[in-house]
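Engineer: Pasting a predicted model and its sequence here:
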Amino acid sequence: MKIAPEIKRDISYESAGKFEETRFEKIHIEIFNTASEASILVAQEIAQLIASKRSQNKICVLGLATGSSPIKVYEELVRMHREENLSFSNVVTFNLDEYYALKKENHHSYHYFMHEHLFNHIDIKPENINIPDGIVPIDALKDYCIAYENEIKNAGGLDFQLLGIGRTGHVGFNEPGSHINSGTRIITLDHITKVDASSDFNGIENVPKRAITMGVSTILKSKRIVLMAWGQNKADIINRTTQGEISSEIPATFLQNHTNTTFVLDQSAASELTRFKTPWLVQDCNWTVELKCKAIVWLCLKTNRSILKLTDRDYNNNGMSDLLALEGSAYDLNITMFNVLQHTITGWPGGKPNKDDSKRPERANPAIKRIILFSPHPDDDVISMGGTFSKLIKQGHDIHVVYQTSGNIAVTDEEALKYAEVGKDFVGSDESKINFESVIDFLNNKSENQMDCLEVRRLKGLIRRRESHAAVRYIGLKESNIHFLDMPFYETGLIKKNPISIEDIAIVKAIIKKIKPHQVFAAGDLADPHGTHEVCLNAIFAAMAALKVQPFMNDCWLWLYRGAWHEWEIHEIDMAVPLSPEEVMLKRHAILYHQSQKDRVMFQGNDSREFWVRAEERNKHTAKLYDDLGLAEYEAIEAFKRFDY
């Protein structure tokens with residue numbers, strides 16, 4: 001998760017499936033620890049291409065993508081322009097797509113996106129920028145799209161095409177059903193694509209229904225293609241695209257026919273590839289305890305058997321004969337791995353006092369621990385570990401909840417207006433710290449692309465803050481143990497956040513130093529749609545690394561929970577905390593105190609369920625998996641992974 005200080009490896013083309021471990025893959029793939037590391041390499045390749053073309057006195061024709069995937073590439077290109085004199089004066093760009101019909105000035109348009117992230121910060125000639133025009137009259141669209149294709153041809157074709165990928169397998173906006181011979185055209189967006197874009201537009205009803213996109217044929221004519229994908233959300237479609245059959249139902253599979261394409265992935269996006277998901281099927285393995293656990297969980301689910309019922313034949317028939325030979329017999333292996341999983345389960349997440357802790361995930365001492373529960377948004381604490389939170393309080397630990405951001409952008413204008421009207425009726429603008437009259441006037445007259453004023457942001461932040469107070473008060477936490485950091489990176493008033501700063505890290509460092517915790521719980525889920533969790537976690541990593549020399553840090557353990565999007569895989573879990581039916585209900589009620597996030601979740605990602613439903617079903621699913629493996633049956637389980645910082 002940390003950015004490497006120096007990147008020496010270049011991305012170069014190799015045949016897909018060249019080695020045994022990649023034999024299922026039909027496209028060349030490069031995998032990196034982080035999206036940041038990978039993005040730097042992609043930016044370097046683009047920069048080298050631009051410089052090479054300049055040395056030949058030629059223009060460099062780039063096909064560019066939008067969305068979250070290329071943002072860090074553009075940031076690095078801007079940095080190289082400012083600090084390394086990378087010039088774009090010989091660059092001509094063609095963007096993949098644009099929503100129809102959005103004006104260029106609209107903050108959601110790709111025209112605005114490209115200028116905000118790249119063009120406004122480099123020396124590219126304005127006349128060399130080509131982005132589909134989202135407001136071309138419908139009766140002129142056919143001729144316009146043909147002209148766009150001709151512009152690409154007249155420029156000599158695309159030297160380099162940068163791509164992302166949608167969950168439907170679309171590249172550009174070539175949705176399922178797109179033909180391999182398709183050119184630039186208008187297309188109707190798939191429902192899943194609109195769901196994924198809904199958080200940017202504050203609701204699926206506001207997402208444009210159509211878009212103009214380069215066609216599959218146009219993309220495939222590019223001399224070089226790099227497709228980037230980050231995060232667990234993209235893992236399934238990456239697997240289907242690179243290991244499945246070519247099909248118009250997954251347009252990205254047409255890239256299998258391209259002779260110079262590389263997929264650049266982070267580890268999460270690559271996690272469903274055979275060489276990572278089930279490596280024992282393609283290569284000899286170094287059988288660590290975690291890999292044994294992963295393989296045996298997979299085998300149990302595949303054979304529909306519990307751990308202690310697995311036989312020698314089960315192992316031999318499913319690619320694990322070498323593991324069986326290493327361990328001697330299924331009987332011994334089964335018992336060993338059953339005990340490994342059994343020892344992750346505890347009803348004492350802070351450690352059980354005065355008990356042998358050699359087979360427990362947490363230490364017995366000190367019996368009463370100082371604990372920090374970091375929550376990126378004001379509801380991640382109860383959504384992700386509300387039951388464990390409650391147990392820690394009941395078991396007498398000194399637990400402090402630390403909300404890292406205000407969460408104000410997740411409050412709808414309608415919700416803020418309702419509170420402002422109640423505030424105005426109750427106290428009047430003269431006595432209030434917030435001028436409710438001005439807030440009401442602003443919200444009633446807010447334009448489509450207007451950023452919230454400071455008063456509105458303060459009100460929205462207060463709404464989240466008071467909901468958090470109510471939720472943890474319900475659980476039983478005392479008011480003095482509630483802390484709001486209001487980290488500066490978040491306070492832009494926009495969906496786009498600032499990069500993490502020294503000030504952000506210093507704020508996190510100060511609260512850790514003040515409390516001197518024995519345990520830190522933090523969000524290890526990096527799948528939130530706008531990256532807040534990742535920034536918050538990196539701030540914690542940086543702060544804890546800086547404090548490592550402090551004596552109290554020798555006794556501080558870091559536990560990562562998952563947020564509203566994904567759970568840890570069973571083999572990744574180091575501590576499983578069972579919840580009773582009563583504790584499940586308590587957690588549900590605590591989540592429901594966050595009324596502004598109920599019914600209409602603004603940034604829900606690709607899951608339309610409310611947060612409390614997701615959390616509850618996820619916790620019950622984890623409990624069922626433990627039950628299916630032959631362990632104890634529980635109502636629900638919250639899961640944690642220990643991180644060695």
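Structural biologist: Everything's here; your move. These numbers come from a predicted model, not from an experiment.

Engineer: List the residue ranges of this structure that fall below the pLDDT cut-off.
Structural biologist: Scanning the chain with the threshold set as pLDDT under 70 gives 1-20, 199, 202, 422, 425-433, 449, 494-496, 526-530, 564-565, 599-608.

Engineer: so who does the nearest residue to residue 39 once chain neighbours are set aside touch?
Structural biologist: With sequence-adjacent residues excluded and distances taken as CB to CB, 6 or more residues apart in numbering, residue 39 is closest to residue 72, at 3.6 Å. Heads up, the C-betas are built off the backbone N, CA and C, glycines and all. Listed by CB atoms under 8 Å, 6 or more residues apart in numbering, the contact partners of residue 72 are 35-36, 39-40.

Engineer: how about 7 Å then?
Structural biologist: Applying CB atoms under 7 Å, 6 or more residues apart in numbering to residue 72 gives the contacts 35-36, 39.

Engineer: Would you mind measuring from it to residue 472?
Structural biologist: Separation of residue 72 from residue 472 (CB to CB, to the nearest Å): 35 Å.

Engineer: now residue 238
Structural biologist: From residue 238 to residue 472 the distance is 39 Å (CB to CB).

Engineer: more crowded one of those two?
Structural biologist: Taking other CB atoms under 10 Å, residue 238 and residue 472 do not tie; residue 472 has more neighbours (28 against 24).

Engineer: ok, what's across the strand from the closest residue to the more buried one other than its chain neighbours?
Structural biologist: Closest residue to residue 472 apart from its sequence neighbours, by CB to CB, 6+ apart: residue 401 at 5.8 Å. With DSSP bridges as the criterion, residue 401 is bridged to residue 373, residue 482.

Engineer: wouldn't residue 224 be in contact with residue 160 here?
Structural biologist: Yes. Using CB atoms under 7 Å, residue 224 is in contact with residue 160, at 4.8 Å.

Engineer: Could you tell me which residues touch both of the two?
Structural biologist: Counting by CB under 7 Å, 6+ apart, residue 224 and residue 160 have no contacts in common.

Engineer: Counting neighbours, what do you get for residue 444?
Structural biologist: Residue 444: 10 surrounding residues under other CB under 10 Å.

Engineer: And it, how close does it get to residue 434?
Structural biologist: In terms of CB to CB, residue 444 sits 16 Å off from residue 434.

Engineer: the helices in the stretch 1-150 of the chain, which residues?
Structural biologist: Ranges of helices in the stretch 1-150 of the chain, per DSSP state H, counting those that start in this stretch, are 35-55, 71-84, 110-117, 141-154.

Engineer: Residue 331: neighbour count?
Structural biologist: The local packing of residue 331 (other CB under 10 Å) involves 13 other residues.

Engineer: OK, contacts around the spatially closest residue to residue 274 that is not a sequence neighbour?
Structural biologist: Among residues not flanking residue 274 along the chain, residue 24 sits closest, at 4.5 Å (CB to CB, 6+ apart). When contacts are counted by CB under 7 Å, 6+ apart, residue 24 is found next to 243, 274, 282.

Engineer: ok, and the most crowded of those?
Structural biologist: Within the contacts of residue 24, neighbour counts (other CB under 10 Å) peak at residue 243, which reaches 21 neighbours.

Engineer: And the nearest residue to that one once chain neighbours are set aside, how far from residue 272?
Structural biologist: In this structure, residue 243 finds its nearest non-sequential neighbour in residue 24, 4.7 Å apart by CB to CB, 6+ apart. For residue 24, the distance to residue 272 equals 11 Å [CB to CB].

Engineer: what residues are up against residue 131?
Structural biologist: By CB under 7 Å, 6+ apart, the residues touching residue 131 are 95, 98, 110-111, 114.

Engineer: Do me a favour and get the backbone dihedrals for it.
Structural biologist: In terms of degrees, to the nearest 10, the main-chain angles of residue 131 are phi -130, psi 130.

Engineer: Spatially, which two of the contacts of residue 131 are the most separated?
Structural biologist: Pairwise distances across these (CB to CB) peak at 9.7 Å, for the pair 98 and 114.

Engineer: Which one's more surrounded, those two?
Structural biologist: Neighbours per residue (other CB under 10 Å) separate residue 98 from residue 114, with residue 98 holding more: 25 against 21.

Engineer: what pairs with residue 264 across the strands?
Structural biologist: Bridge pairing for residue 264 - DSSP bridges - gives residue 30, residue 228.

Engineer: ok, it - how many residues close by?
Structural biologist: Neighbour count for residue 264, taken as other CB under 10 Å: 26.

Engineer: Would you check that it makes contact with residue 31?
Structural biologist: No. The criterion here is CB under 7 Å, and residue 264 misses it with residue 31 at 8.1 Å.

Engineer: Now do the strands in the stretch 151-300 of the chain.
Structural biologist: Under the criterion DSSP state E, counting those that start in this stretch, the stretch 151-300 of the chain carries strands at the ranges 160-163, 185-188, 210-213, 225-229, 261-266.

Engineer: measure residue 558 to residue 204 for me?
Structural biologist: Separation of residue 558 from residue 204 (CB to CB) stands at 37 Å.

Engineer: What of residue 459?
Structural biologist: For residue 459, the distance to residue 204 - CB to CB - is 26 Å.
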